[in-house]
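Colleague: Sequence first, then the predicted structure:
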Amino acid sequence: MTDLSDVSSRGVRDDKWIPTSCALCYGSCSILAHRVDDVVVKIEGNPDSAIGKGRLCGKGVSGIMTHYDPNRLTVPLRRTNPKKGLDEDPRWEEIGWEEALDEIAAQLRRIREDDPRKLIVQRTTTVTASRVPMLTFTAAFGTPNLSMAGGGLHCGNGAHLLSGLMHASWSIVPDFEHCNYAIYFGASKGHGAGHASGSNMKLAADARARGMKMVVVDPMCNFAAAKATEWVPLRVGTDGALALAMCHVMVRELGVYDAPYLQAKTNAPYLIGPDKRYVRDAATGKPTVWDLKAGAARPFGDVDAADMALDGEYDVGGVCARPAFALLREHLAKHTPEWGEKITTVPAANIRRLAREFVQEARIGSTIVVDGVTLPYRPVAAIAFRGSQGHMNSVYNFFAIDLLNQLVGAADVVGACLGFNPASNGYPGTGRLAYMPYPDDDGLMIAGTWMGYHKPYPVAEPRLPQKPGLQDFFVMGLNSPYLDSDDREALWDKFELPYRPEAMLNFGANLLMSIGNRESVARGLAEYKFMVSIDLFETETTRFADIVLPDCGHLQTLDSRSNYPFIFSLPGGMGEWCWPIRQPVLPPEGQQRRFQDVLLELSDRLGIRADMNAAYNAAMNLEGPYRLQGDHRYSYEEICDAELKCNFGPERGLEWFKEHGVLKWPKKPEEVYWRPFADVRVPIYWEFLVPVFEKMDAIGAPRGIKLPPEYYEPLPDFLPCLSHCCQKPGFDFYAFYYRDVLHTNSFTLENPWLDEAAQLDPFSYTIAINATTGRKNGLTDGARIWVENEKGRKVAGRVHLTEAIHPEGLGVAACAGHWGDGMPIAKGKGVFFNELLELDWDHSSPINLNLDLCAKVRVTLAEENAK
Amino acid sequence: MRWGMVIDLKRCIACYGCQLSCKAENGTPPGVFFARLLKHEEGQFPTVRQLFLPVLCNHCEEPPCVEVCPTGASFKTEDGIVDIDPDMCVGCRSCMMACPYGNRYFNDKPQHYFPDGPTPYEERRTARHQTDVVMKCNFCRDRLAVGKEPACVANCPAVARYFGDLDDPNSEVSRLIKDRGGFPLHPELGTKPSVYYLPA
């Protein structure tokens, strides 16, 4: 019954545990694959790694069934039906690799000679390590258009912007080891999803066992809320209003905040003029503060933090100037708990209590010794992620929540809200991988490292867009809905976009499911003149491709950096730095090929290998003898080997890592709790939004683009979603979706073990509605219902009546509801929530392009129930 | 010596890691879960609680399933594990009726997860299970034999499962039960389970 019986009496030739990396979600935990005679018989966590520490979630151990799925693609395919559409059969024919690559190269060469920007490259977020190979090909080809499909639009245009601006990292998490009071707003870190999800499950459980109080603000009581000491149900999408009301109590009613922190580590003391801009020093151009000792406005760098005024009104050369904090204090006046209650439904008394608990537990002014280093101690954290930021008001929701941390100094110090590893002293053996947040001329923080696009700060200059996603105009944006929106052509016309996308190179993204309603996305997809899809399965999106290439899965491929950069999914807090790799455990099946090799091969055929090498040098920061030279045709193994040796020394190349799997070294307190050691400030007043808006408006207004200025004010406010403004009779529910512990995006629905578990779970494949509300609407548990948005788009599913959801909420798990035949296990399972999302200007955040992910809906019994 | 397990409901987050790592370890056929997860809701909005209960064979000290087995296929080892010898099982399913916890399964026919046929993994793992016999958790006896904990214990990402000797008052499991008020499921049935739970 065990591994032992596998190796007995069969004349075993091979029995190995091979260290590699999971890719069932972007957490990329370190795994050991047990291979016996060419068959993987078990996947376990790798106890030698800090990523997962030898334990895996249900998805990770089930990776075996994804690998051995007989529905995997194994041969290149070519479309013979020229028509593309949701109901069109591509009529595939099998072709050889030579033919496939020849055709792709010919098409890409034509496009590149014409205008390389016409190529859209797209990748899934599930495979973290795909970033560098896809990025290098994109750069070498010469197109600025790399998209993550639904990634960003759903999960992080707000979360990553704010985490980057305020914590120099991709995301935030409580310092589980020391935090005593965490308040989560629509987040589940430590409870089944999010960055470092596997590792965080143990850290969160340790914190719970230690007695950390956990308050979870969420329309639904599952995952984090189910384990919380207190669940605070609220109206969908109003998290920012609750946070603002808590800030009101802290600043205006209790008058408790960390003044020394605000003076030294934020722009709270910077003087602001009537034009909402910094009052700058005439000689140096630096923002000024009011020096209480000197009784004068002086450049911030010339004044001791303790002497900087946080309140008051000052005459600076005839200009009435006030510290940013004074403006915040005034701004918060309207955000009373009673105001908050009306918007969120959370009783005002509870809002006051939560604010009081938060400031009391913050222990403002205290210090603690960690590993011999005395550090500020603020054992509270306000954490936000997908739920609270998946709205029109994405930026302000997250901004308001992080203000809770900033007001008490609970930012990247012991026990506080931590960015994931924003500061590293580097690998001790070589000094490589060192980075630290650093200040710009205004003293504001620039992240030490980042991934993809531009850093969140400093903000780029808005310009007439050269990207069809318009991100070079919407400079606070990350991923864009305008590659696929209904009104994209009209917007491109208005913005005089000098070209139109013509071809798409897709790696693993199923954008027909991951963005919004499928009709809108399908319309956009069908317009590409040429599309290549590199994929594991024939997804709904891949059915729109002209050529399909069968990829290798996570047990068949190689990545020198399966979990890098450290700001993404290495656990935060003390512990170890850890660099794992992914290596092949099994050979390709049929004609499967690694996408990394395919991209190298294509670059040779296109004659851009030198550009590809240069892009790899840049993306991996290869130095000295490890820099790739000229147009030499390196194998992907050689590139991985160069990166590893460059980072860790000549003795630690690919062969060393294949044997050992991971390299790790201890974190230092000065790295984890870096904030006191970096001379940087973060903005509690976003002064830079004022010129950003002016510049955008100057470009947009003459072209009939009207931007709502209220989204660009320097201080956060509650701005309602469209769903909050819906007055249509019968549309009583706020529909939202959430991440299920059993599923990653739309990908794992095809895994039969995970599907089986999800079928037995009361929530995974159902539509959760409050039991009392449901009964009032004539619903019975298990009934089949239609959920319809204001525009008439609708999805069907089984209702699950539950007490664990806000009376106005309607919750759907995961990105489910596949309809294609290429993933037959997934087909028809769960509910395709995204069908309810409109894709247009009105439903996109006018500042960071986040899609509005809540929809006001009507619920009706499906016809079959009437029988 | 009596092997036992303690499951800390405070730490458990219902991630299904136990259910799926068990499946991966044992290659159980569709519908068979030596370890599984139950969810239950209590209270009324907004004072509602979600309760998560991971269950498995309780390896009772006085197992009714062993008592009723007509062939001696169901047996208890010296170290307290309740197991089944498939060669002696005639598939009468008396034990399934006798088990008050519903943790035994009948493997009526060869099954696999994809209609296309068994995967290479299933040919290795699932095909080993005899058909027409009853099957259940055996605390991963073969892992124990090589010094490893049961798969669900070793894998639990929230570290909510503990394994050890219930006869040793100083073992981690005995101390956890004593210090934190560990309880078995349905003690009133008198089966004396070896799986205990710590309150949430």
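Modeller: Thanks, I have it. The structure presented is a predicted model; accordingly, all values stated were derived computationally and were not measured.

Colleague: A:L86 touches A:S520, doesn't it?
Modeller: No - proximity of A:L86 to A:S520 does not meet the contact threshold set by Cβ atoms under 8 Å, at 11.2 Å. Using the backbone N, CA and C atoms, a C-beta is placed for each residue, glycine as well.

Colleague: who has more neighbours, those two?
Modeller: Counting neighbours by other Cβ atoms under 10 Å in any protein chain shown for A:L86 and for A:S520 shows that A:S520 has the greater number, 23 against 17.

Colleague: Could you verify that that one is part of a helix?
Modeller: Yes - assessed with DSSP: H, G, I helix; E, B strand; the rest coil, A:S520 lies in a helix.

Colleague: Show the contacting residues for it.
Modeller: A:D484, A:S485, A:D486, A:E838, A:L839, A:D840 (Cβ atoms under 8 Å, 6 or more residues apart in numbering or on different chains).

Colleague: Check what pLDDT it gets.
Modeller: We have a pLDDT of 97 for A:S520.

Colleague: go on, the one 5 residues further on?
Modeller: pLDDT recorded at A:L525 is 97.

Colleague: Please apply the same query to the one 4 residues further on.
Modeller: pLDDT, A:K529: 98.

Colleague: Can you report how many residues neighbour it?
Modeller: 14.

Colleague: Would you pull up the residue in chain B closest to chain A?
Modeller: B:D142 (3.2 Å; Cβ to the nearest Cβ).

Colleague: Is my assumption valid that that residue occupies a position in a helix?
Modeller: Yes - the secondary structure assignment for B:D142 places it in a helix, going by three-state DSSP.

Colleague: Neighbours of it, how many?
Modeller: 16.

Colleague: Then A:M451?
Modeller: Applying the criterion other Cβ under 10 Å, we find 18 residues in the vicinity of A:M451.

Colleague: Check A:G318 too.
Modeller: Residue crowding around A:G318 was assessed by other Cβ under 10 Å; the count is 5.

Colleague: can you check the one 5 residues further on too?
Modeller: Taking other Cβ under 10 Å as the neighbour definition, A:P323 ends up with a count of 26.

Colleague: And it, its phi and psi?
Modeller: Recorded main-chain torsions at A:P323 are phi -60, psi 150, according to degrees, to the nearest 10.

Colleague: what's near enough to touch it?
Modeller: A:A268, A:P269, A:Y270, A:L271, A:I272, A:V289, A:W290, A:M308, A:A309, A:L310, A:D311, A:G312.

Colleague: Can you tell me the element the last one falls in?
Modeller: For A:G312, there is no enclosing helix or strand under DSSP states H and E.

Colleague: Please tell me how far it sits from chain B.
Modeller: Distance of A:G312 to chain B, given as Cβ to the nearest Cβ, to the nearest Å: 43 Å.

Colleague: Check the third one too.
Modeller: Distance of A:Y270 to chain B, computed by Cβ to the nearest Cβ: 41 Å.

Colleague: what about the residue nearest to A:Y68 when sequence neighbours are not counted, neighbour count?
Modeller: Here the nearest residue to A:Y68 in space, its sequence neighbours aside, is B:T119; by Cβ to Cβ, 6 or more residues apart in numbering or on different chains that works out to 3.6 Å. Residue crowding around B:T119 was assessed by other Cβ under 10 Å; the count is 21.

Colleague: so who does B:T119 touch?
Modeller: Taking Cβ under 8 Å, 6+ apart, one finds A:M65, A:Y68, A:D69, A:P70, B:H112, B:Y113 in contact with B:T119.

Colleague: For the fifth one, give me its contacts.
Modeller: With contacts defined as Cβ under 8 Å, 6+ apart, the neighbours of B:H112 are B:P29, B:P30, B:P118, B:T119, B:E122, B:T126.

Colleague: helix or strand for the second one, which one?
Modeller: When elements are assigned from DSSP H and E, B:P30 belongs to no helix and no strand.

Colleague: give me the number of residues near it?
Modeller: Burial measure for B:P30: 13 neighbouring residues, criterion other Cβ under 10 Å.

Colleague: Okay, it and A:S764: tell me how far apart.
Modeller: When Cβ to Cβ, to the nearest Å is applied, the distance between B:P30 and A:S764 equals 17 Å.

Colleague: What of A:S394?
Modeller: Taken as Cβ to Cβ, the span from A:S394 to A:S764 is 26 Å.

Colleague: what about these two, which has more around it?
Modeller: A:S394 (32 against 25).

Colleague: Not counting its neighbours along the chain, what's nearest that one?
Modeller: Ranked by Cβ to Cβ, 6+ apart and with sequence neighbours excluded, the top spatial neighbour of A:S394 is A:G158, at 3.3 Å.

Colleague: Isn't that neighbour up against A:R386?
Modeller: No - A:G158 lies out of contact with A:R386 (Cβ under 8 Å); the separation is 9.3 Å.

Colleague: who's more crowded, the two?
Modeller: More neighbours sit around A:G158 than around the other of A:G158 and A:R386, counting by other Cβ under 10 Å; the figures are 30 against 20.

Colleague: What does the more buried one show for phi and psi?
Modeller: Its backbone dihedrals place A:G158 at phi -90, psi -50, with angles given as degrees, to the nearest 10.

Colleague: ok, back up a step: of all the contacts of B:H112, which comes closest to A:G211?
Modeller: Sorting these by how near they are to A:G211, with Cβ to Cβ, puts B:P30 at the top with 41.5 Å.

Colleague: Show me what counts as buried in stretch A:70-85.
Modeller: Under the neighbour-count criterion of 16 or more other Cβ atoms under 10 Å in any protein chain shown, stretch A:70-85 has A:N71, A:R72, A:L73, A:V75, A:P76, A:L77, A:R78, A:R79, A:K84 buried.

Colleague: cool, stretch A:325-335 as well?
Modeller: Using 16+ other Cβ under 10 Å as the test for burial, stretch A:325-335 gives A:F325, A:A326, A:L327, A:L328, A:R329, A:H331, A:L332, A:H335.

Colleague: Let's see which of those residues end up in helices.
Modeller: A:F325, A:A326, A:L327, A:L328, A:R329, A:H331 (DSSP state H).

Colleague: re the thing from before, the residue nearest to A:S394 and B:T77, how far apart?
Modeller: A:G158 is 56 Å from B:T77, by Cβ to Cβ.

Colleague: Now the element after the biggest helix by length in chain A, going C-ward?
Modeller: Ranked by number of residues, the top helix in chain A under DSSP H is helix A:97-114. Towards the C-terminus, the helix or strand next in line after helix A:97-114, according to DSSP H and E, is strand A:119-123.

Colleague: gap between that following strand and the chain center?
Modeller: With Cα atoms, centre = their mean, to the nearest Å as the basis, the distance from the averaged C-alpha position of strand A:119-123 to the chain average is 18 Å.

Colleague: what ranges do the strands span in chain B?
Modeller: With DSSP state E as the definition, chain B shows strands at residue ranges B:3-8, B:35-44, B:47-56, B:74-76, B:82-84, B:105-107, B:133-135, B:161-165, B:195-198.

Colleague: The residue nearest the centre of chain B: what's it in contact with?
Modeller: Computing the C-alpha centroid of chain B and ranking residues by Cα atoms, centre = their mean puts B:L56 first, at 2.6 Å. In this structure, B:L56 makes contact with B:M5, B:C18, B:C22, B:F34, B:A35, B:R36, B:N103, B:C137, B:C152, B:V195, judged by Cβ under 8 Å, 6+ apart.
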